[in-house]
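Chemist: dropping the sequence and predicted coords here.
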Amino acid sequence: MTMRCVAPVMLTIVLAATASPARAQQIFIESQSTGGEPMMIPPGLGGPRQMKTGTGRILGRVLASDSGTPIRRAQVRLTAPEIGVKTALTDADGRFEFRELPGGRFSLNASKSGYVNVQYGQTRPFEQGRPIELADKQVLDKADISMPRGGVITGRLTDEFGDPVPDAMVSAMRQTWSNGRRRLLPTGRTTQTNDLGQYRMYGLPPGEYYISATLRNTDIMMLDAAMLGGGSGASGSTPSSGYAPTYFPGTTAAASAQRVTVAIAQEAQNTDFALAPVRLARISGTVMTSEGKPLDGAMVSATPSGRADVGMAIMNAGNARTTKDGNFTLNSVAPGDYVLTVRSVRIMTSDGGDMMTFRATIGGGDGGDGGEAANMPLAVSGEDLANVVIVTSKGATASGRLVFEGSSAPPAMTGVRITAAPAEMDGPLLGGGGAGQAKEDGSFQLRGLSGRRLLRAGNLPPGWTLKAVRLNGEDVTDSGVEFKPGQDVSGLEIVATSKQTEISGTVTASNGSLIKDYTVVVFSDDSQHWNLPLSRWVTGTRPDQEGRFRVRNLPPGSYNVIAVDYVEAGSWGDPELLERLKGRAKRMTLSEGGSERLDLKLTEGF
């Protein structure tokens, strides 16, 4: 069998199990990089930032779109890098207010049970909201949001005998463009069947959905693997048959799933279906380190691979721990293609009176294995697989320096976070690793890397943006760096610049009147940039409350710019759409630090 080794990820799970069954169990999860430092990810940032205040204010009302009546106790969120996330609840008249705001660019959204979650300025399903540009000391008093009632999908889940299936997870999924590829992803609405096998998903935006169901529970399997030791010690019987992840109306193939259409405030009933029975396999084997020693206490996970339905792949993962001899057993694995992922695990326990604490560290540890890990593709047909041997290897180390070009470098660099994201986002659930803070002198080191990675700098100081990533002078910003096991990669430079680019302007109709509701798509003239992972060369934006659009921090180059009436958020990553738009778009060249103002005409027919 072929094997591809990957980097370890530090994930700390603290299980506080009380001595009394009447007292609830507490679970704490701490995520760490392989360098052992906490991962702090405020909204839109890569690390902590000092929040700002001012004298600006944003006021508005949340109203029902069908009747115009106020929506009481709706939750309103205001987000910006300068303030993080602030929340407010509407009063009896549907009013909300945010005070002491600095000048900046804000996102505003509202949510309420039974209604569709809506962003400020959003008028159609899955459309990107409009930003709010607030000047210093400005008061915006009509930031109103209109919320339609959400659609509902109800149904009943049964087994092959017609008996209800309780405690199954049911999700509403949509085809969405993500990282340059169309994928089937959950909409955020997931529910669990009751004792009658019934499920109900509400607050859905109007649109077409695929309904998926799975009976596997990754949380329970993870805790069981962590606390019981996987294949060691006593064990219980496991069934030889079970259920595969199933789509309505009862198929295991996403391509054969039937779409369910939901309109505003409509309830789609009787979407009943049965889980597909399959023969479950048992996978057993041994995990060995690169030095030929058994890997004790490692976490072995089986994650479905190569699936367009990423959400169901994650939900269908299985886990086990290795014994002192490196042996592991994965039970009840449905047929399919998987990646067996190995991560080292350290279990620490402490007894604090009536509370027993289990601390499981998943990833590169200090127990002598050097933080080794591995990935192995494996095909499961329903027959048991024995004597599977997985050999781990050590991840690579990357070191380099953060460089500031333009005006003088900022006095503090320790808040900048360096990340190494996988260039291919369809990897296993725990296929990451590689994040760390820059030191005071701008140097950084990332450990436990493997595969092709895209290096980025997050939480840069205000006024700075990423310019390039170089390896020994070669630009690897978009191509990434291929890390091999045990490799020591030095000579990396992550270059930030104060010469930020900007495209701004307005859009008018054919009669010359100013339009305030539209979407601008900006994309590179070079089609090879369209399919890049985490592409910096393609974006979409909506106008602010005054009808002005603005796009910042695109790389210098030649671009196409077009204004259209409606584009679903993220769909500008579709190369076919960009090819159609290109012939009617306006071409322009953006220089380093350049600022271009455009007056666009609305392009109809898209």
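Modeler: That came in fine, so what should we check first? Numbers count the residues shown, from 1 in each chain.

Chemist: could you list the domains of this protein?
Modeler: 56-147, 151-350+368-391, 396-497, 502-603 (automatic domain parsing).

Chemist: mean pLDDT and mean neighbour count for the ones you listed - can I get that in a markdown table?
Modeler: (C-beta placed from N, C-alpha, C; glycine too.) A markdown table is the format used below for the domains of the chain (pLDDT from 0 to 100; neighbours: other C-beta atoms under 10 Å):
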| stretch | mean pLDDT | mean neighbour count |
| --- | --- | --- |
| domain 56-147 | 96 | 18 |
| domain 151-350+368-391 | 82 | 18 |
| domain 396-497 | 85 | 19 |
| domain 502-603 | 95 | 17 |
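
Chemist: how close does residue 119 get to residue 125?
Modeler: Computed as C-beta to C-beta, to the nearest Å, the residue 119 to residue 125 distance reads 12 Å.

Chemist: look up how far residue 454 lies from residue 437.
Modeler: Relative to residue 454, and taking C-beta to C-beta, residue 437 is found at 18 Å.

Chemist: correction: residue 508
Modeler: 38 Å.

Chemist: can you show me the helices along this protein?
Modeler: 218-228, 310-315, 575-582 (DSSP state H).

Chemist: just how off-centre is the last one within its chain?
Modeler: What it means is helix 575-582. Computed by C-alpha atoms, centre = their mean, to the nearest Å, the chain-centroid distance of helix 575-582 equals 26 Å.

Chemist: which elements pack onto it?
Modeler: The contact analysis (3 or more C-beta pairs under 8 Å, 6 or more residues apart in numbering; DSSP states H and E) places helix 575-582 against strand 519-524, strand 557-564.

Chemist: now the last one and strand 519-524, what's the angle there?
Modeler: So the one you mean is strand 557-564. Relative orientation of strand 557-564 versus strand 519-524 (axes from the mean of the first three to the mean of the last three C-alpha atoms, to 10 degrees): 160 degrees.

Chemist: other SSEs contacting strand 557-564?
Modeler: Counting by 3+ C-beta pairs under 8 Å, 6+ apart, strand 557-564 packs on strand 502-508, strand 519-524, helix 575-582, strand 586-590, strand 595-603.

Chemist: most remote residue from the chain's center?
Modeler: Going by C-alpha atoms, centre = their mean, the residue of the chain most distant from its centre is residue 511, 42.1 Å out.

Chemist: give me phi/psi at that residue?
Modeler: phi -90, psi 0 (degrees, to the nearest 10).

Chemist: how about the strands in the stretch 401-550 of the chain?
Modeler: Under the criterion DSSP state E, counting those that start in this stretch, the stretch 401-550 of the chain contains strands at 417-422, 435-437, 443-449, 451-458, 465-471, 474-475, 481-483, 488-497, 502-508, 514-515, 519-524, 538-541, 549-552.

Chemist: and the fourth one, what other elements does it pack with?
Modeler: Applying 3+ C-beta pairs under 8 Å, 6+ apart, one finds that strand 451-458 makes contact with strand 417-422, strand 465-471, strand 481-483, strand 488-497.

Chemist: also the last one?
Modeler: With contacts defined as 3+ C-beta pairs under 8 Å, 6+ apart, the secondary structure elements packing on strand 549-552 are strand 502-508, strand 519-524, strand 538-541.

Chemist: can you rerun that using 7 Å?
Modeler: With contacts taken as 3 or more C-beta pairs under 7 Å, 6 or more residues apart in numbering; DSSP states H and E, strand 549-552 sits against strand 502-508, strand 538-541.

Chemist: reformat those strands as a markdown table; add distance to residue 338.
Modeler: Formatted as a markdown table, those follow (distance: least, C-beta to C-beta, whole Å):
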| stretch | distance to residue 338 |
| --- | --- |
| strand 502-508 | 45 |
| strand 538-541 | 33 |
